[in-house]
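# A structural model of the following input is requested.
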Amino acid sequence: LHINWSKIELARQHLRTSDCDWMIVADADTWVCDRARRLEMFINDEAGTEAVFSSDTSTRFGVLMPLSIRGVWECRTWICPNAGFFAIRNSSAGQEFMDEWMELPFGRLSDIADQPPRDQLVLWRGLFGKWKSKIRIDKWNVLRVLDNFNWWQIKTIFGEPFIAHDKRLTRRLKRKRKSR
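Just a heads-up that it's a prediction; the model follows:
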């Protein structure tokens, strides 16, 4: 499997050995914009919620727009989860979720496990439908930053986001691969 899967496996292992209530998993291209806010604001510990994911969207004039039509198709919803920034409750259900996420690329979804966006594609196709009632997608606290990013764009009509997740590197790498 691609090295992207090491993030999911290490998170799965850590959740089983930790005494934390929630575990946050963030990609390296994610940064905190508003350090005055607390992680509890993102998690918003609602009963019945086992996972909180950032949305795979960007904001255009205050409207959430999906970044992946494939994600919309796989999840059958306009707002899909993004695996670049998420929180998992340390519970038997949260552990089961992570176990299943790591079993799918070796089992029934092995044919797509190494197709970009890899772990996110498996999340969309293999987990989201089953776990949808236990997943909350945060639509406003994590902002996806695209190619035409300027710092002033961080401030949306809803204020400054808590977290920014930078998509520029991923897009540059994809363009470079296509030009070869």
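
# Pull out the buried positions in the longest strand belonging to the chain.
Ranked by residue count under DSSP state E, the longest strand found in the chain is strand 81-89. By 16 or more other C-beta atoms under 10 Å, the buried positions in strand 81-89 come out as 81-89. Quick note: C-beta positions are derived from backbone N, CA and C, even for glycine.

# now, which of those residues sits nearest Ser179?
Gly84 (24.5 Å; C-beta to C-beta).

# was I right about the closest one contacting Leu67?
No: the criterion here is C-beta atoms under 8 Å, and Gly84 misses it with Leu67 at 10.7 Å.

# still on that earlier bit, now distance to Val142 too, for the buried residues of strand 81-89, in CSV please.
Shown next, in CSV, are the buried residues of strand 81-89 (distance: C-beta to C-beta, whole Å):
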residue, distance to Val142
Pro81, 11
Asn82, 8
Ala83, 12
Gly84, 8
Phe85, 5
Phe86, 9
Ala87, 11
Ile88, 15
Arg89, 18
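
# Turn those residues into CSV, columns for pLDDT.
Formatted as CSV, the buried residues of strand 81-89 follow (pLDDT from 0 to 100):
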residue, pLDDT
Pro81, 94
Asn82, 92
Ala83, 92
Gly84, 90
Phe85, 91
Phe86, 94
Ala87, 94
Ile88, 96
Arg89, 96
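
# Which of those sits closest to Asn4?
Looking across the buried residues of strand 81-89 and measuring by C-beta to C-beta, the closest to Asn4 is Ala83, at 8.7 Å.

# I'd like to know how far the closest one sits from Ala47.
24 Å (C-beta to C-beta, to the nearest Å).

# returning to that earlier point: list the neighbouring strands of the longest strand of the chain plus their orientation.
Paired strands of strand 81-89, with direction, are strand 22-26 (antiparallel), strand 51-55 (antiparallel) (DSSP bridges).

# okay if I get those as TSV plus mean neighbour count?
Below are those laid out as TSV (neighbours: other C-beta atoms under 10 Å):
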stretch	mean neighbour count
strand 22-26	18
strand 51-55	25
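
# now those as CSV including distance to His2 and mean pLDDT?
Shown next, in CSV, are those (distance: least, C-beta to C-beta, whole Å; pLDDT from 0 to 100):
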stretch, distance to His2, mean pLDDT
strand 22-26, 17, 94
strand 51-55, 20, 92
